[in-house]
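1. Output the structure for:
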Amino acid sequence: MTQGPIVIFILLAAIIFIVLGTSKFKVHPFIVLLLAAYGLAFASGLKIGEIAGIITSGFGSTLTYIGIVIIAGTIIGTILEKSGAAIKMAEVVLKVVGEKRPTIAMSIIGYIVSIPVFCDSGFVILSSLNKSLAKKTKTSLVAMSVALATGLYATHTLVPPTPGPIAAAANLQLDNLLLVIGIGLLTAIPAVIVGIIFANKVASKYQSNIIETENTLSYEDEIKKYGKLPSAWKAFAPIVVPILLMAFGSVAKFPGDPFGAGIFKDWLAFFGTPVNALIVGMFFALLLLPKFNEETLTNWIGEGVKSSAMIIIITGAGGALGAVIKATNIGAYIGETLQTLNIGIFLPFIIAAALKTAQGSSTVSLVTTSALLLPLLPALGLDSEMGKVLTVMAIGAGAMTVSHANDSYFWVVSQFGGMDVKTAYKTQTVATLLQGIVTITTVFVLSLILL
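-> Okay, the predicted model is just below:
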């Protein structure tokens, strides 16, 4: 097996291959990650007869934990989007915050909606509300768009059940998904705040070309497309109920048996398991279906399943790559080297930011970086449960740094926000850079307190 400094060059070559393959040559991440796993296995000198078993085992073991969770979470997001529940959640927040603080309102709405819904879908869904509120309050649509985009982005990269953070937690072998959600919600707050400040102080100086030239539908007319919106409790239940179930499940396992040691504790622990909690949330999402027919029960749910497929196979390929790294001595050698640099929690951020900036996908950045980092956690001092959680946060911070022309979200925000490319770079791209820097700073401070 390969020894010494050359293992660093092997891993760097694998990372460069992943970056170039996905960004320059536009090869699907699944193929790139799989080829990187095989290349790394051969280059590091693993026994030829063991390589296939290591790769398939890494792929399968990752999906054993995360496969159903990703599917259930994606179905919930699809139903929230198509039923108008996301719009209903926005209405509730708007009533609480008020129209006098439009950028704050849109940022908070984004923060909530993007927990189950992909950020680009969330932006499209909320675009009419964004434009309507900008007109009504005479606020720059560019500022409103940046506030909404950064609010969506914060939880998209940090908070499950969005597939990226779930996949990262799975790759780092984290069982306590509730802890990831809780720390993610907390870590996302400074990212949201910096987005609001940037929207008000900088993005507000730019004007969109949409309001004056486009006769857009009013928010009220847009709502008519959904018919009657669901009630607030139905809209929030698919998100809130799984979180509550995981919370009660965690408490039930505390020393001292706060809920007793009988059947009640067993049921709480059962429903508190992430996969069971998300399935319950999915059934609550079914209450949002306007009708129980082929369109909703087959097409809507089928769309959610299809959307989850890409995330699942990329996550599995990331797990295969991680298994190869774990089977070699790369992690131990690099860990010893990194200990002298005292880079700690910043290493996940640097790798994730490099991948995100190069190839554009936050999810690919989250999956790939977490797969690379698992074998290095002990040497970095991050192999405790909280260390792994903060590693997910650091990777999420990197995965939002930065959104530019190779990121589909960049184009969604710029087109729906009425920005030309130059304006989008000055606003959306800079805002996500600031979000990443503020988020990794937050994670570093948390590491000083919690580790």
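2. OK, contacts around residue 318?
-> The contact partners of residue 318, by Cβ atoms under 8 Å, 6 or more residues apart in numbering, come to 33, 62, 167, 171, 367-368, 370-371. For glycine as for every other residue, the C-beta is placed from the backbone atoms N, C-alpha and C.
3. Residue 142 now?
-> Applying Cβ under 8 Å, 6+ apart, the residues contacting residue 142 are 203-204, 206-208, 417-419, 423, 427.
4. Can you flag which of those residues belong to helices?
-> Here DSSP state H is the test, and the contacts of residue 142 give residue 423 as lying in helices.
5. most neighbours, which of the contacts of residue 142?
-> The most crowded member of the contacts of residue 142, judged by other Cβ atoms under 10 Å, is residue 417 (30 neighbours).
6. right, and it touches residue 145 too?
-> Yes. Taking Cβ atoms under 8 Å as the definition, residue 417 is a contact partner of residue 145 at 3.1 Å.
7. What is the three-state secondary structure of residue 281?
-> Taking DSSP: H, G, I helix; E, B strand; the rest coil as the rule, one finds residue 281 in the helix state.
8. helices or strands up against whatever helix or strand residue 415 lives in?
-> Using DSSP states H and E, residue 415 sits within helix 408-416. The contact analysis (3 or more Cβ pairs under 8 Å, 6 or more residues apart in numbering; DSSP states H and E) places helix 408-416 against helix 119-137, helix 141-158, helix 421-424.
9. Tabulate these (JSON lines), appending mean pLDDT and distance to residue 409.
-> Formatted as JSON lines, these follow (pLDDT from 0 to 100; distance: least, Cβ to Cβ, whole Å):
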{"stretch": "helix 119-137", "mean pLDDT": "84", "distance to residue 409": "5"}
{"stretch": "helix 141-158", "mean pLDDT": "96", "distance to residue 409": "7"}
{"stretch": "helix 421-424", "mean pLDDT": "89", "distance to residue 409": "11"}
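10. Deepest-packed of those, please.
-> With neighbours defined as mean count of other Cβ atoms under 10 Å, the helices and strands packed on helix 408-416 peak in mean count at helix 141-158, which reaches a mean of 31.
11. So what's the gap between that helix and the chain middle?
-> With Cα atoms, centre = their mean, to the nearest Å as the basis, helix 141-158 stands 13 Å off its chain's centre.
12. other SSEs contacting the following helix or strand past it?
-> Using DSSP H and E, the helix or strand that follows helix 141-158 towards the C-terminus is helix 163-171. Counting by 3+ Cβ pairs under 8 Å, 6+ apart, the packing neighbours recorded for helix 163-171 are helix 48-83, helix 141-158, helix 177-201, helix 301-327, helix 362-373, helix 385-399.
13. Which of the ones you listed sits closest to residue 268?
-> Counting by Cβ to Cβ, residue 268 lies closest to helix 177-201 out of those; the figure is 12.6 Å.
14. And residue 39, how far from residue 324?
-> Going from residue 39 to residue 324 by Cβ to Cβ, to the nearest Å gives 9 Å.
15. Looking at those two, which is more packed in?
-> Neighbour comparison, residue 39 and residue 324: the larger count goes to residue 324, with 26 against 16 (by other Cβ under 10 Å).
16. returning to that earlier point: of the helices and strands packed on helix 163-171, which approaches residue 274 most closely?
-> That would be, of those and by Cβ to Cβ, helix 177-201, which comes in at 4.2 Å.
17. between that closest one and helix 163-171, how many degrees?
-> 140 degrees (axes from the mean of the first three to the mean of the last three Cα atoms, to 10 degrees).
18. what about helix 177-201, average pLDDT?
-> Computed over helix 177-201, the mean pLDDT rounds to 96.
19. Report the buried residues of it.
-> Buried residues in helix 177-201, counted by 16 or more other Cβ atoms under 10 Å: 177-185, 187-188, 190-200.
20. swap in stretch 92-110?
-> Applying a neighbour-count criterion of 16+ other Cβ under 10 Å, one finds 93-94, 97, 101-110 buried in stretch 92-110.
21. before we move on, back to that, can you check which of the helices and strands packed on helix 408-416 gets nearest to residue 451?
-> With Cβ to Cβ, the closest approach to residue 451 among these belongs to helix 141-158: 18.1 Å.
22. What would that closest one look like as CSV? C-alpha coordinates only.
-> The C-alpha coordinates for helix 141-158 follow below in CSV (Å, rounded to 0.1, in the frame of the first residue of the first chain):
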residue,chain,number,x,y,z
LEU,A,141,-36.9,44.2,-6.3
VAL,A,142,-33.1,43.5,-6.4
ALA,A,143,-32.9,44.0,-2.6
MET,A,144,-36.1,41.8,-2.1
SER,A,145,-34.7,39.1,-4.3
VAL,A,146,-31.3,39.0,-2.5
ALA,A,147,-33.1,38.9,0.9
LEU,A,148,-35.2,36.0,-0.3
ALA,A,149,-32.4,34.2,-2.0
THR,A,150,-30.0,34.4,1.0
GLY,A,151,-32.8,33.3,3.4
LEU,A,152,-33.5,30.3,1.2
TYR,A,153,-29.8,29.5,0.8
ALA,A,154,-29.0,29.5,4.5
THR,A,155,-31.2,26.6,5.4
HIS,A,156,-30.7,24.9,2.0
THR,A,157,-27.1,24.1,2.8
LEU,A,158,-27.4,23.7,6.6
